[in-house]
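Asks: Based on what follows, work out the 3D shape:
(one chain, ligands or ions: 1)
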Amino acid sequence: MPPVIKTENYSKVFGDLKAVDSVSLSVERGRLFGLLGPNGSGKTTMIKMLTGQMNPSSGTAEVLGIDPSADPVAVREAVGIIPEQETPPSFLTAVEYLAFVGKIRNLEDTEEQAEWWFEFLDFRDKKDVLCKDLSRGTRQKLMFAQAFLHTPEVALIDEPLINLDPVMQRTVKEFLAEYVRSGKTIFLSTHILEIAEDICTDFAILHKGKLLHTGRVDELTGADIHLDDFFMDLVKRGRTDV
Ligand SMILES: Nc1ncnc2c1ncn2[C@@H]1O[C@H](COP(=O)(O)OP(=O)(O)OP(=O)(O)O)[C@@H](O)[C@H]1O
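Replies: Sure thing, here's the model as predicted:
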(Lines give C-alpha, C1' and ligand atoms only; values in the text may rest on other atoms or scores of the structure.)
Protein backbone atom coordinates (compact mmCIF):
# COMPACT_ATOMS: atom_id res chain seq x y z
CA MET A 1 0.00 0.00 0.00
CA PRO A 2 1.42 3.45 -0.88
CA PRO A 3 2.30 5.76 2.00
CA VAL A 4 -0.40 8.18 3.10
CA ILE A 5 2.11 11.04 3.30
CA LYS A 6 5.33 11.19 1.35
CA THR A 7 7.82 14.00 0.84
CA GLU A 8 10.98 14.09 -1.24
CA ASN A 9 13.63 16.75 -0.77
CA TYR A 10 10.92 19.01 0.58
CA SER A 11 12.32 22.46 1.33
CA LYS A 12 11.20 25.93 2.34
CA VAL A 13 13.46 28.93 2.26
CA PHE A 14 12.70 32.31 3.82
CA GLY A 15 15.38 34.68 2.55
CA ASP A 16 18.66 33.20 3.81
CA LEU A 17 16.94 30.80 6.21
CA LYS A 18 16.36 27.17 5.26
CA ALA A 19 13.32 26.57 7.47
CA VAL A 20 12.82 23.08 5.97
CA ASP A 21 15.89 21.62 4.33
CA SER A 22 15.46 18.76 1.88
CA VAL A 23 13.24 16.57 4.02
CA SER A 24 12.28 13.14 2.68
CA LEU A 25 9.91 11.06 4.75
CA SER A 26 6.95 8.74 4.44
CA VAL A 27 4.08 7.86 6.72
CA GLU A 28 2.17 4.60 6.36
CA ARG A 29 -1.55 4.16 6.93
CA GLY A 30 -2.61 3.53 10.52
CA ARG A 31 0.45 5.18 12.05
CA LEU A 32 0.66 7.96 14.60
CA PHE A 33 3.64 9.87 13.32
CA GLY A 34 5.26 12.44 15.60
CA LEU A 35 7.30 15.22 14.03
CA LEU A 36 9.57 16.32 16.84
CA GLY A 37 11.98 19.20 17.08
CA PRO A 38 13.05 22.17 19.15
CA ASN A 39 11.42 25.59 18.70
CA GLY A 40 11.98 26.93 15.22
CA SER A 41 13.06 23.60 13.73
CA GLY A 42 10.49 23.72 10.90
CA LYS A 43 7.58 21.62 12.20
CA THR A 44 4.83 24.18 11.57
CA THR A 45 6.28 25.02 8.16
CA MET A 46 6.12 21.31 7.24
CA ILE A 47 2.46 21.10 8.29
CA LYS A 48 1.58 24.31 6.44
CA MET A 49 3.14 22.95 3.25
CA LEU A 50 1.53 19.51 3.59
CA THR A 51 -1.91 21.12 4.02
CA GLY A 52 -1.51 23.50 1.09
CA GLN A 53 -1.30 26.63 3.22
CA MET A 54 2.19 27.39 1.97
CA ASN A 55 4.08 26.32 -1.15
CA PRO A 56 7.47 24.62 -0.85
CA SER A 57 10.53 26.31 -2.36
CA SER A 58 11.52 22.95 -3.86
CA GLY A 59 10.84 19.25 -3.55
CA THR A 60 7.63 17.27 -3.77
CA ALA A 61 4.92 15.89 -1.49
CA GLU A 62 1.82 13.75 -1.68
CA VAL A 63 -0.93 13.50 0.92
CA LEU A 64 -3.43 10.75 0.13
CA GLY A 65 -2.05 10.88 -3.40
CA ILE A 66 -2.71 14.63 -3.72
CA ASP A 67 0.03 17.19 -4.33
CA PRO A 68 -0.80 19.91 -1.77
CA SER A 69 0.76 22.73 -3.76
CA ALA A 70 -0.99 21.73 -7.00
CA ASP A 71 -4.38 21.13 -5.37
CA PRO A 72 -4.55 22.76 -1.93
CA VAL A 73 -8.35 22.70 -1.82
CA ALA A 74 -8.50 18.95 -2.48
CA VAL A 75 -5.98 18.23 0.24
CA ARG A 76 -7.82 20.40 2.76
CA GLU A 77 -11.10 18.66 1.88
CA ALA A 78 -9.50 15.29 2.49
CA VAL A 79 -7.68 15.88 5.75
CA GLY A 80 -8.35 17.27 9.21
CA ILE A 81 -6.13 20.13 10.38
CA ILE A 82 -5.34 21.73 13.70
CA PRO A 83 -3.17 24.71 12.80
CA GLU A 84 -0.75 26.05 15.37
CA GLN A 85 -2.05 28.86 17.55
CA GLU A 86 -5.10 29.52 15.47
CA THR A 87 -8.42 30.31 17.03
CA PRO A 88 -12.00 29.84 15.83
CA PRO A 89 -13.83 32.92 14.48
CA SER A 90 -14.53 35.37 17.29
CA PHE A 91 -18.01 36.24 16.04
CA LEU A 92 -19.45 32.69 16.13
CA THR A 93 -20.46 30.60 19.10
CA ALA A 94 -18.86 27.18 19.53
CA VAL A 95 -21.93 25.38 18.17
CA GLU A 96 -22.24 27.81 15.25
CA TYR A 97 -18.60 27.25 14.35
CA LEU A 98 -19.02 23.47 14.24
CA ALA A 99 -22.23 23.89 12.19
CA PHE A 100 -20.26 26.06 9.78
CA VAL A 101 -17.47 23.47 9.49
CA GLY A 102 -20.06 20.70 9.00
CA LYS A 103 -21.63 22.67 6.16
CA ILE A 104 -18.32 23.23 4.40
CA ARG A 105 -17.55 19.54 4.78
CA ASN A 106 -21.02 18.50 3.54
CA LEU A 107 -21.76 16.49 6.68
CA GLU A 108 -25.27 15.20 7.19
CA ASP A 109 -24.96 14.53 10.89
CA THR A 110 -23.13 17.65 12.08
CA GLU A 111 -25.45 18.19 15.01
CA GLU A 112 -24.90 14.70 16.45
CA GLN A 113 -21.17 14.87 15.77
CA ALA A 114 -20.92 18.26 17.49
CA GLU A 115 -22.90 17.00 20.48
CA TRP A 116 -20.57 14.03 20.74
CA TRP A 117 -17.53 16.35 20.86
CA PHE A 118 -19.11 18.71 23.41
CA GLU A 119 -19.71 15.71 25.64
CA PHE A 120 -16.40 13.97 24.97
CA LEU A 121 -14.25 17.03 25.63
CA ASP A 122 -16.51 18.21 28.41
CA PHE A 123 -17.50 21.66 27.16
CA ARG A 124 -21.22 21.35 26.53
CA ASP A 125 -21.81 24.30 28.86
CA LYS A 126 -19.79 26.51 26.49
CA LYS A 127 -21.53 25.61 23.23
CA ASP A 128 -23.48 28.89 23.05
CA VAL A 129 -20.59 31.12 24.10
CA LEU A 130 -18.96 33.35 21.46
CA CYS A 131 -15.54 31.96 20.55
CA LYS A 132 -13.88 35.25 21.52
CA ASP A 133 -15.08 34.68 25.09
CA LEU A 134 -13.83 31.09 25.40
CA SER A 135 -10.74 30.25 27.41
CA ARG A 136 -7.67 29.18 25.44
CA GLY A 137 -8.14 25.58 26.50
CA THR A 138 -11.78 25.54 25.38
CA ARG A 139 -10.81 27.10 22.06
CA GLN A 140 -8.27 24.32 21.66
CA LYS A 141 -11.00 21.74 22.34
CA LEU A 142 -13.10 23.37 19.65
CA MET A 143 -10.21 23.31 17.18
CA PHE A 144 -9.81 19.63 17.99
CA ALA A 145 -13.51 18.97 17.35
CA GLN A 146 -13.48 20.81 14.00
CA ALA A 147 -10.45 18.83 12.82
CA PHE A 148 -12.05 15.45 13.52
CA LEU A 149 -15.71 16.32 12.83
CA HIS A 150 -15.68 14.56 9.44
CA THR A 151 -13.57 11.59 10.66
CA PRO A 152 -10.75 12.28 8.19
CA GLU A 153 -8.49 9.54 6.84
CA VAL A 154 -5.54 11.72 7.82
CA ALA A 155 -5.24 14.46 10.41
CA LEU A 156 -2.31 16.87 10.55
CA ILE A 157 -2.24 18.43 13.97
CA ASP A 158 0.20 21.03 15.19
CA GLU A 159 0.89 21.03 18.95
CA PRO A 160 -2.66 19.79 19.64
CA LEU A 161 -2.29 19.35 23.40
CA ILE A 162 -1.04 22.81 24.19
CA ASN A 163 -3.37 24.68 26.60
CA LEU A 164 -5.17 21.50 27.70
CA ASP A 165 -5.13 20.44 31.33
CA PRO A 166 -3.63 17.04 32.29
CA VAL A 167 -7.01 15.28 32.43
CA MET A 168 -7.98 16.56 29.00
CA GLN A 169 -4.52 15.76 27.64
CA ARG A 170 -4.99 12.16 28.66
CA THR A 171 -8.48 12.03 27.08
CA VAL A 172 -7.11 13.42 23.82
CA LYS A 173 -4.09 11.12 23.83
CA GLU A 174 -6.34 8.08 24.28
CA PHE A 175 -8.56 9.32 21.45
CA LEU A 176 -5.58 9.72 19.11
CA ALA A 177 -4.19 6.28 19.92
CA GLU A 178 -7.61 4.71 19.29
CA TYR A 179 -8.09 6.72 16.09
CA VAL A 180 -5.03 5.20 14.45
CA ARG A 181 -5.97 1.72 15.69
CA SER A 182 -9.08 2.11 13.53
CA GLY A 183 -6.85 2.48 10.46
CA LYS A 184 -6.66 6.26 10.19
CA THR A 185 -3.39 8.18 10.14
CA ILE A 186 -2.17 11.07 12.25
CA PHE A 187 0.74 13.42 11.62
CA LEU A 188 1.39 15.28 14.84
CA SER A 189 3.97 17.94 15.54
CA THR A 190 5.17 18.62 19.04
CA HIS A 191 8.19 19.59 21.06
CA ILE A 192 6.76 17.77 24.10
CA LEU A 193 8.59 14.47 23.96
CA GLU A 194 6.48 12.65 26.55
CA ILE A 195 3.49 12.96 24.22
CA ALA A 196 5.41 11.29 21.45
CA GLU A 197 6.72 8.56 23.73
CA ASP A 198 3.22 7.90 25.10
CA ILE A 199 1.27 7.62 21.90
CA CYS A 200 3.32 7.86 18.71
CA THR A 201 4.16 4.75 16.73
CA ASP A 202 6.77 6.51 14.62
CA PHE A 203 8.81 9.66 15.01
CA ALA A 204 11.04 12.00 13.08
CA ILE A 205 13.44 14.53 14.54
CA LEU A 206 13.85 17.86 12.81
CA HIS A 207 16.64 20.22 13.75
CA LYS A 208 17.21 23.55 12.00
CA GLY A 209 15.07 22.30 9.13
CA LYS A 210 17.04 19.09 8.63
CA LEU A 211 15.71 15.62 9.31
CA LEU A 212 18.14 14.04 11.76
CA HIS A 213 16.40 10.73 12.26
CA THR A 214 13.24 8.75 11.57
CA GLY A 215 12.29 5.59 13.40
CA ARG A 216 9.75 3.57 15.31
CA VAL A 217 9.06 4.37 18.94
CA ASP A 218 8.84 0.65 19.89
CA GLU A 219 12.36 0.08 18.58
CA LEU A 220 13.64 2.66 21.06
CA THR A 221 11.59 1.42 23.97
CA GLY A 222 12.54 -2.19 23.07
CA ALA A 223 16.18 -1.15 23.42
CA ASP A 224 15.32 0.55 26.71
CA ILE A 225 16.16 3.98 25.34
CA HIS A 226 14.08 6.96 26.37
CA LEU A 227 13.00 9.21 23.55
CA ASP A 228 14.09 12.33 25.41
CA ASP A 229 17.65 10.96 25.90
CA PHE A 230 17.80 9.94 22.26
CA PHE A 231 16.47 13.34 21.17
CA MET A 232 18.86 15.36 23.36
CA ASP A 233 21.83 13.36 22.22
CA LEU A 234 20.95 13.69 18.55
CA VAL A 235 20.12 17.37 18.69
CA LYS A 236 23.30 18.14 20.65
CA ARG A 237 25.41 16.42 18.09
CA GLY A 238 23.32 17.84 15.22
CA ARG A 239 24.14 14.61 13.42
CA THR A 240 22.44 13.42 10.23
CA ASP A 241 21.47 9.76 10.33
CA VAL A 242 19.29 9.57 7.24
N1 LIG B 1 6.58 33.34 7.11
C2 LIG B 1 7.83 33.28 7.57
N3 LIG B 1 8.75 34.18 7.20
C4 LIG B 1 10.02 34.12 7.64
N5 LIG B 1 10.49 33.15 8.47
C6 LIG B 1 9.60 32.23 8.88
C7 LIG B 1 8.24 32.23 8.46
N8 LIG B 1 7.61 31.17 9.02
C9 LIG B 1 8.54 30.54 9.78
N10 LIG B 1 9.72 31.18 9.69
C11 LIG B 1 10.96 30.74 10.34
O12 LIG B 1 11.20 29.40 9.95
C13 LIG B 1 11.78 28.66 11.03
C14 LIG B 1 10.90 27.45 11.31
O15 LIG B 1 9.68 27.91 11.89
P16 LIG B 1 8.52 26.93 12.30
O17 LIG B 1 7.40 27.77 12.82
O18 LIG B 1 8.23 26.00 11.18
O19 LIG B 1 9.20 26.12 13.50
P20 LIG B 1 8.55 25.13 14.58
O21 LIG B 1 9.42 23.93 14.64
O22 LIG B 1 7.12 24.92 14.30
O23 LIG B 1 8.72 25.99 15.90
P24 LIG B 1 7.86 26.02 17.29
O25 LIG B 1 8.07 24.70 17.98
O26 LIG B 1 8.52 27.15 18.02
O27 LIG B 1 6.44 26.30 16.91
C28 LIG B 1 11.88 29.64 12.20
O29 LIG B 1 13.20 30.15 12.23
C30 LIG B 1 10.88 30.73 11.85
O31 LIG B 1 11.26 31.98 12.40
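Asks: Measure how buried Val27 is and give me the count.
Replies: Neighbours of Val27 under the rule other CB atoms under 10 Å: 24. Any C-beta I mention is one placed from the backbone N, CA and C, and that applies to glycine too.
Asks: Revised request: answer the last question for Asn9.
Replies: Around Asn9 there are 13 residues (other CB under 10 Å).
Asks: Point out the residues in the chain that sit beside the ligand.
Replies: Within the chain, the positions adjacent to the ligand are 14, 17, 19, 37, 39-45, 84, 191 by CB under 6 Å from any ligand atom.
Asks: where in the protein is pLDDT low?
Replies: Within the chain, the segments meeting pLDDT under 70 span 238-242.
Asks: Please list only the buried members of the residues of the chain next to the ligand.
Replies: Neighbour-count burial (16 or more other CB atoms under 10 Å) applied to those gives 19, 37, 41-45, 191.
Asks: Surely Asp71 touches Ala61?
Replies: No. With contact defined as CB atoms under 8 Å, Asp71 does not reach Ala61; the gap is 11.5 Å.
Asks: Please compare these two by neighbour count and tell me which comes out ahead.
Replies: More crowded of Asp71 and Ala61, by other CB under 10 Å: Ala61, with 24 against 14.
Asks: Could you say which helix or strand holds Glu108?
Replies: Remark: Glu108 resides in no helix or strand, with elements defined by DSSP states H and E.
Asks: what's in contact with the helix ranked longest in the chain?
Replies: As assigned by DSSP state H, the longest helix anywhere in the chain is helix 166-181. Helix 166-181 is contacted by residues 30-32, 120-122, 137, 141, 144, 148, 155, 160-161, 164, 186, 188, 195, 198-199, 201 when judged by CB atoms under 8 Å, 6 or more residues apart in numbering.
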